[in-house]
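Chemist: The sequence and its predicted three-dimensional model are supplied below.
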Amino acid sequence: MELELRHLKTIRAIAEAGSLTGAATALGVAQPALSAQLKRIERALGGTLFERGRHGVRPTALGELVLDRVRVLLPTVRELQEEALRFNHRGGGMPRFRLGGTHGPLLGGLVDRLAAAYPAAPVTTHTSWSEREIAVSVIEGRVDFALVGACGESPPPAPDRMVWREVGVDPVFVMLAAGHPLAGRPQVELRELAGEAWTDVPGDGCFADCFASACARAGFAPTRVYETDTASCVHLVQVGRAVGLCRATFPPTPGLVTVPLAGVPLRWRHVIGWHPQAPAAAAAPAVVRLARGAHAEAAARSSSYVEWLAANPDFHGVSSVPAG
């Protein structure tokens, strides 16, 4: 049997898990199948790689030797794949924009502005609730730019492998049904919503923890949080089943209103990122400028945000780039 890349990944998984059971779970295979594969690998390498014991497995001297090589080879192969993908997606020099983004109004605004500024360039999008998945797509060359969000001052994903620029910062507002008792207020205290069920879109950042901390500071813990897609969040708010969390740029929607939270207990930073060695990096300054314009335009469309900004002139979250 000749060694393949998957065999090296198996060896690494066993060493990292410290047991065949843990490695099988991480790799998504049955433990008997993993044990049989390990025996074949060991026969190919001429000796035992792991000693089995009551508390798991540990590498033998041969295993340590192989693992030293594995730890060098696997990252090298990954970098080769990423570089090849970026090279293959150069597109023969013709501009094109492949955008990855989380669900929100800014992605559509950026697409509109790119299509207007570069009418002959293809513009494609990929959306995901996972900021990390989008970042990986950029690193691997499948997407040119990632338009995502970060809670408060938390860093965006893969800060050591991507270049990130801030597009804008918004306070987090609350979505209420138009008939909600607090819907006509200029702002509400978070503690006034202590008895409500909540709805929000999922994500793999720290927003859920930040929200829970804000609620704790307000003296309560959320009784129920529905994590679902944007359309379902809107529906749950419209029918009075829950109140929702949203960026202040959330567009006007029939049947609900967006109301500021007093004291700005939560902030959302819009950021855009790219790989510094990708061909798309040359267009990054223009894309950042267009993204900031899309953010300014989205803010201008929200009457509640416009009123809030007028009452809070020291808040510098919205880009000064003209909306037009």
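Modeler: Arrived safely, thanks for sending. Given the structure is predicted, the values throughout are model-derived calculations rather than measurements.
Chemist: drop to CA atoms for contacts and neighbour counts, all remaining ones
Modeler: OK.
Chemist: low-confidence ranges in the protein?
Modeler: 83-95, 316-324 (pLDDT under 70).
Chemist: middle-most residue in it, spatially?
Modeler: Centroid-nearest residue in the chain: Glu131, 1.0 Å away (criterion: Cα atoms, centre = their mean).
Chemist: Could you break this structure into its assigned domains?
Modeler: Annotated domains of the chain cover 5-88, 94-324 [automatic domain parsing].
Chemist: Kindly compare burial across those domains and name the winner.
Modeler: Sort the domains of the chain by mean neighbour count, taking mean count of other Cα atoms under 10 Å, and domain 94-324 sits at the top with a mean of 18.
Chemist: now that domain, how far from the chain's geometric center?
Modeler: Counting by Cα atoms, centre = their mean, to the nearest Å, domain 94-324 is centred 11 Å from the centre of its parent chain.
Chemist: what's the first-to-last distance across stretch 27-34?
Modeler: Terminal residues of stretch 27-34 are spaced 9 Å apart (Cα to Cα, to the nearest Å).
Chemist: With stretch 113-126 instead?
Modeler: 17 Å.
Chemist: For the residue nearest to the centre of the chain, what are phi and psi?
Modeler: Torsion angles at Glu131 (phi, psi; degrees, to the nearest 10) stand at phi -60, psi -40.
Chemist: wait, doesn't it sit right on His103?
Modeler: No. Applying Cα atoms under 8 Å as the test, Glu131 and His103 come out as separate, 10.3 Å apart.
Chemist: Quick one: distance of the helix or strand hosting Leu65 to the chain centre.
Modeler: Using DSSP states H and E, Leu65 sits in helix 61-88. Remark: helix 61-88 is offset 26 Å from the chain centroid, using Cα atoms, centre = their mean.
Chemist: And it, what does it pack against?
Modeler: Judged by 3 or more Cα pairs under 8 Å, 6 or more residues apart in numbering; DSSP states H and E, helix 61-88 is in contact with helix 5-17.
Chemist: Extract the C-alpha trace of the helix it packs on and format it as PDB.
Modeler: Taking Å, rounded to 0.1, in the frame of the first residue of the first chain, the C-alpha atoms of helix 5-17 are listed here in PDB:
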ATOM      1  CA  LEU A   5      -2.700  12.300   2.100                       C
ATOM      2  CA  ARG A   6      -5.700  10.800   3.900                       C
ATOM      3  CA  HIS A   7      -3.400   8.400   5.700                       C
ATOM      4  CA  LEU A   8      -1.300  11.300   7.100                       C
ATOM      5  CA  LYS A   9      -4.500  13.100   8.200                       C
ATOM      6  CA  THR A  10      -5.500   9.900  10.000                       C
ATOM      7  CA  ILE A  11      -2.200   9.700  11.900                       C
ATOM      8  CA  ARG A  12      -2.500  13.300  12.900                       C
ATOM      9  CA  ALA A  13      -6.100  12.900  14.100                       C
ATOM     10  CA  ILE A  14      -5.100   9.900  16.300                       C
ATOM     11  CA  ALA A  15      -2.200  11.800  17.800                       C
ATOM     12  CA  GLU A  16      -4.400  14.900  18.500                       C
ATOM     13  CA  ALA A  17      -7.300  12.900  19.900                       C
END
